[in-house]
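# here are the coordinates; sequence isn't available:
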């Protein structure tokens, strides 16, 4: 390993150490509303002040140091977040390239997954039993509503216990399609009469996805090595222009286009 590669591998640790130092500095020297204690009399003054209004001492050097350290903290935090985002993109991409059986084997061997399953699995079995009961004993509308409510509850569990990381995009699509087929095929009435023009309207609309992470990178090409064109934030709606492997080519509300990894949006 040459010097540049060694330095690159040590970068996250160095940034983490620097971030902890800066956080300690901030906790000691910065109080509410960007105020700092005067070095002479401990009166809280603005970090933009040059003189203390209480003891009239010159504090320009002190406040300048505080501002510089706060700026440095912002830069280090952003760089750490960039490294984290890149690592998560690589992990998602690597997971998507593995065979399904290998991903399932890895997931089932994780202690956290087994712990979560002890909570989720009994509930899933109970929910499935309720759906079967409704299908046999309730009206069509009650069965359909019960299935929809159950789907929302399952989604809530996936968020609460962070189980989304165990479900890759292809597996999610397969399970979703199977669920829709089961629900519609189990309902005696003709679904086209239940919502007559919905499919036509949906076909005329461009598909849109919402950002799931706090911030995601939108890149020039469908690879993590490509340059970042822009960023989207949690809840932003993106128009899907094209789909390639595990990437979406999207257009932001501001008109920028680029590629985003599919597991980061929904």
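Everything's here; your move. Worth saying up front: this structure is predicted, and the values here are computed from it rather than measured.

# any idea how this structure splits into domains?
According to the domain assignment given by automatic domain parsing, the chain is divided into the following structural domains: 3-97, 100-203, 208-264.

# which one of those domains is the most hemmed in?
Greatest average neighbour count among the domains of the chain goes to domain 208-264 (a mean of 16), per mean count of other C-beta atoms under 10 Å. From N, CA and C alone the C-beta is placed, and that goes for glycine too.

# tell me the mean pLDDT over that domain?
Regarding domain 208-264, the rounded mean pLDDT is 91.

# Centre of the chain to it, how far?
When distances are taken as C-alpha atoms, centre = their mean, to the nearest Å, domain 208-264 is centred 12 Å away from the chain's centroid.

# distance between the ends of that domain?
The separation between the terminal residues of domain 208-264, taken as C-alpha to C-alpha, to the nearest Å, is 13 Å.

# and the gap between residue 93 and residue 20?
According to C-beta to C-beta, to the nearest Å, residue 93 and residue 20 sit 30 Å apart.

# Return the member of the domains of the chain having the minimum mean pLDDT.
Between the domains of the chain, the one with the least mean pLDDT is domain 100-203; it has a mean of 64.

# what's the distance between the residue nearest to residue 31 when sequence neighbours are not counted and residue 25?
With sequence-adjacent residues excluded and distances taken as C-beta to C-beta, 6 or more residues apart in numbering, residue 31 is closest to residue 44, at 5.7 Å. Distance from residue 44 to residue 25, counting by C-beta to C-beta: 16 Å.

# on that earlier part again, would you list the phi and psi of the residue nearest to residue 31?
Here is the backbone geometry of residue 44 (degrees, to the nearest 10): phi -70, psi 130.

# Return the residues in contact with it.
For residue 44, the residues meeting the contact criterion (C-beta atoms under 8 Å, 6 or more residues apart in numbering) are 31, 35, 36, 37, 38.

# can you do 10 Å?
31, 32, 33, 35, 36, 37, 38, 52, 54 (C-beta atoms under 10 Å, 6 or more residues apart in numbering).

# phi, psi of the residue lying closest to residue 266 once chain neighbours are set aside?
Distance criterion C-beta to C-beta, 6+ apart; nearest residue to residue 266, sequence neighbours excluded, is residue 212 at 5.3 Å. Dihedral pair for residue 212: phi -100, psi -40, per degrees, to the nearest 10.
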